[in-house]
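**Student:** Got a sequence here, can you build the structure:
(chains A and B)
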Amino acid sequence: MNPSNPPQAAEYGGDEVSAIVLDPGYSTTRAGFAGEDAPKSLIPTYYGKYNADGQEKLVFGDDIFTPRPGLSIHNPVGKDGIVEDWDMAEKVWEYSFTSRLTGSKPGNPFQNGLNDFSNDELPQEMEVETDEKPLSDSPLLMSEPGWNPAKAREKTIEIAMEKWNTPAFYLARNGVLASFAAGKASALVIDIGASNISITPVHDGMILKRGVQHSPLGGDYISSQIRALFKKNSPQPITITPHYLISSKTAVEAGQPPQANYKTFAADKAPDASYRALLEERTLSEFKECVVQVWPGPGKLSAPGPTGVPNEEAARNYPGRPFEFPDGYNQSFSVDRFRVVESLFDAKAAIPDPDSPVPAPTQAQTLPEIIKASLGGVDVDIRPHLLSNVVVTGASSLLYGFTERLNAELMALFPGPRVRISAPGNTAERRFGSWIGGSILASLGTFHQMWISKKEYEEHGPSIVEKRCK
Amino acid sequence: MAAAADVRDMLDLPAEGSQPRPHKKQKVVEKRPEGITRELFALLGERAPPIAINENKYKGRPKLLNKLRVRPWRMSPFTNGARSDGLVLNHWQRKHESARQPAPEGTQMDVDEPKEEGKEEPKPLEQEYAFAKYNVKAQVPRRYTDDEYNRLLRNNEWTREETDYLMDLVTEYDLRWVIIADRYNYQPKMDSEPEANAVVPAKQVRTMEQMKARYYFVAATMLAIEHPPSEMSEAEFELHEKMLKFDPNRERDRKELAALQLNRTADEVREEAMLLEELKRITSNEQSFITERRELYSRLEVPISVGNTAMYQSSQGLSQLLQTLLQADKSKKRRSILGPDGAVASPAGQTPTQQGPLNGRGETPTATTAATTSNKKGAAAQPQPMVRQLTAAEETRYGVQHHERVTAGVQFRSDRAQKLTQAKSNVQTQKLASALAELEIPVRLFMPTEKVCKEFEKLIQSVNMLLEARKVAEKVESEIRVLEASKAERERKAREAAGETPVKDHENRQVKTETEEGAGVLVPTAEGSAAPENGDGEKQGDGQNATQTPAKDDANHKRSASVLSGVSDKSNKRQRR
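**Tutor:** Below is the predicted model:
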């Protein structure tokens, strides 16, 4: 191909308008320019609050992981994925794109190094606009969960239009975007997130509201199961000591008590308990990545296997996986690593923990049940088509063996129709599925007629979002 | 091993060392690569390591492109024709050559930039946005007016408001029924009546079928208003028909069935898969069965060889034959005639077996062959320790038959049936065939089971009887005709003798036929009087008389010949008399 010729627009249907795609989630917020293959800016949705010099200060992004005196961690998004604290959500989201993409404020053109001026002429017309809003020249595409209430949607467009001054805005369901990322206009999207797992049937690029299902058995629930497991651990209960509390450690044999020097913080200097919980969560997600495995099926972990040997016995025969905690304690986890996720599929297998704030799951919350409920809510004619286009997305779906088990469960649920799961093997594509779909959508030439422009917003008010973003 | 010097000696070569190896050295000195200084190259020594020294130099654009001017791209605003609000977005676009000003010089460029932009701005705006053409909407019928609604579209189940709501949704979602049914959420307006609120109306759940039925009815009606059915184009008419024929109940039933099909249990699915597999197997077997059967038929049509069988009379000759047969069998790669135990399983009737001519027939169980031929003729010769008595019902069920007399050799039941259709004469065979054709029974039976063959036999018999009966009937009929003709002839003669005119004769005959038997009784007397006249009436020279003589003896044998004239018959009778 001749490098001097641009690709024909008709070839890929793309038309870049330098839109920004913002995909806020419960655990992380993803932002980036449309047309790119991964979000440039990935920040935790959590923010930190602390007092310094008698003033309340806020920290965003990766800064929240630095221990500060009295630092408490909060999340503007509620457990069910709906924003609760709008002021803070706005700030976190704004941080996500201003920190990496747009810059908080346009710098002075004399000093930002982008312009060369000869000394004798200093153009006066290039003035620094002081009241610039962060998004005034980028259209913004945002995502939302399928069960987002109308009020929250109106609030979102209000922020985008009035606070950020975006020229055009669109609010898309993250299920739809994930199915676009998989190259499908119709799909059954299974999103395994941090706080929620959700099933979204998508037909012709629109969600079927009656089929949208979600339940709280997401990554955080798995963490609570791991904590319950640690409490009952056999040689000794395991307590997670996050890295920031360890100054040094020495290697110990497996199962031996840790030998580490701990950092201590004075009572007035120590960060809040929520900070510790956040950092423990980081250790737990490392544990999930390294150790936890989903029983691949067929059949539940508690069920007898095809050869008569109970599945649990078969799982015991898998080699154990060792894990070393920040304080040096290490242990190999055998069948327990299957148990912590089993309750995603079988509520009875949940590890009971009366002290945990997370309630025990009901059978109706398990993945097979909500898939069944979701398909029950859509027209029977499209069910087989949806089952042959199952899209798996969300970072927690990266659990080892998850898609195999999901496939086995779906085949057992629907033995008749063909079940086909489309789960990208690429980690980034799985984690950022809905962002990537947004990136594709916002760079399509045909999409530019769908934006809600500022003018339309001013004419119709926030309620236009209900009419346009269907 | 000889040393190098010895070899040199032998080959008359000069001693070692006297000659340098010129070419190797030359190669090393050869060339100093470009981009490496002479001093550095000298340092590398003679045998430089094989490192490719290539310069990472900017290659520049291909020569061809160097001639072209760089065409600038710019961030340019555009509007989308598919939008009504005139939203201006920016995208990168190649700057148009035509719009390009003569290149501004040097420093002026920066200053000119904003102005140029301002000038060019309307230019891209004018042209159509490339993606606007994809903005298509599904075609929905024109909205009805109040009058039309009241006249044609009233319905007890649907209020006007709800119909409007449905039509709005259909337009909004471009006839995607799945989505329309999903989003359908009609809330009837409460006309500010508090008592209406007290009695909460049961919220009606509309199914997709109800919506479709209503919409199709409305759309078909609107289509008919636009164009009366007589003026519709073919496509329109088809659409109209389709929409009118929509049956929500059938659709609902279909969906129920589809749901049943979807929610089958694993066992049902397995069973279905098994059945499908079976079906596949059967159909594929059927094909091979047909070809095998065809082959068998063609083999049967091969004339039986009448060659000399003397060479097979001895046991040696027979074993030789068996060997050749086995050889042929192996080379054909077909099912072996060797049984699983290696013995000859079941040779066909006329194939000579190893047992020799003495005990070749398995049906004659002598004391000696009973043991040896146990595996020869299948179950017939099998010494059965316990013979189970079958009831008549079981016999029919298993197809067991008892033959009074079994003929030797193999024969097809169908052939026997076939033989029945062959009568002795060709004419008769054709008649049989046409009778069968009339009954729509194929000459060769499709499924010649025992019962069918019996029935067929009966049928053929009755057809034969029928043909026989017809023959007799025809014969009798023709005789009657002949007799009548002769009678008329005699009367005519009698009248001629009476001197009547032939004109009246015609009328008289008509009358005669109607007269009673009494007139017939008279005839022999008239004949009797005419006979002597005829006997010597040679001088009359009738053409009839000429033909009379040869026909006379013929008639004696062939009584049914309809060609006989009345005269010949008359003479016949006379003879008898």
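**Student:** Make sure A:S138 is indeed in a helix.
**Tutor:** No. Using DSSP: H, G, I helix; E, B strand; the rest coil, the secondary structure at A:S138 is coil, not a helix.
**Student:** so it makes contact with A:T102?
**Tutor:** Yes. With contact defined as Cβ atoms under 8 Å, A:S138 and A:T102 form a contacting pair (6.7 Å). In this view, the C-beta of every residue, glycine as well, is placed from N, C-alpha and C.
**Student:** Overlap in contacts, those two.
**Tutor:** A:I20 (Cβ atoms under 8 Å, 6 or more residues apart in numbering or on different chains).
**Student:** out of these two, which sits in the busier spot?
**Tutor:** Using other Cβ atoms under 10 Å in any protein chain shown as the criterion, A:S138 and A:T102 rank with A:S138 on top: 24 against 21.
**Student:** Excluding chain neighbours, what is closest to that one?
**Tutor:** A:I20 (4.6 Å; Cβ to Cβ, 6 or more residues apart in numbering or on different chains).
**Student:** ok, that neighbour - contacts?
**Tutor:** By Cβ under 8 Å, 6+ apart, the contact set of A:I20 is A:A31, A:G32, A:F33, A:A34, A:F97, A:L101, A:T102, A:L135, A:S138, A:P139, A:L140, A:L141.
**Student:** These: which two are farthest apart?
**Tutor:** A:T102 and A:L141 (14.5 Å; Cβ to Cβ).
**Student:** mind putting the contacts of A:I20 in a markdown table, pLDDT included?
**Tutor:** Formatted as a markdown table, the contacts of A:I20 follow (pLDDT from 0 to 100):
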| residue | pLDDT |
| --- | --- |
| A:A31 | 95 |
| A:G32 | 95 |
| A:F33 | 94 |
| A:A34 | 93 |
| A:F97 | 91 |
| A:L101 | 86 |
| A:T102 | 81 |
| A:L135 | 84 |
| A:S138 | 89 |
| A:P139 | 93 |
| A:L140 | 94 |
| A:L141 | 95 |
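**Student:** Out of the residues you listed, which sit inside strands?
**Tutor:** With strands taken from DSSP state E, the overlap with the contacts of A:I20 comprises A:A31, A:G32, A:F33, A:L140, A:L141.
**Student:** Let me see the contact set for whichever residue of the stretch 151-300 of chain A sits closest to chain B.
**Tutor:** The nearest approach of the stretch 151-300 of chain A to chain B comes at A:L208, 4.5 Å away (Cβ to the nearest Cβ). A:L208 sits next to A:P201, A:V202, A:G377, A:V378, B:V178, B:I179, B:D182 when contact means Cβ under 8 Å, 6+ apart.
**Student:** Looking at the residues you listed, which are in helices?
**Tutor:** Residues of the contacts of A:L208 located in helices (DSSP state H): B:V178, B:I179, B:D182.
**Student:** A:I370 and A:P201 touch, don't they?
**Tutor:** No. Counting by Cβ under 8 Å, A:I370 stays clear of A:P201, with 11.6 Å between them.
**Student:** and the stretch 301-450 of chain A, which of its residues are near chain B?
**Tutor:** Residues of the stretch 301-450 of chain A lying close to chain B (Cβ under 8 Å from any Cβ of the partner chain) are A:378-384, A:412, A:414-417, A:444-446, A:448-449.
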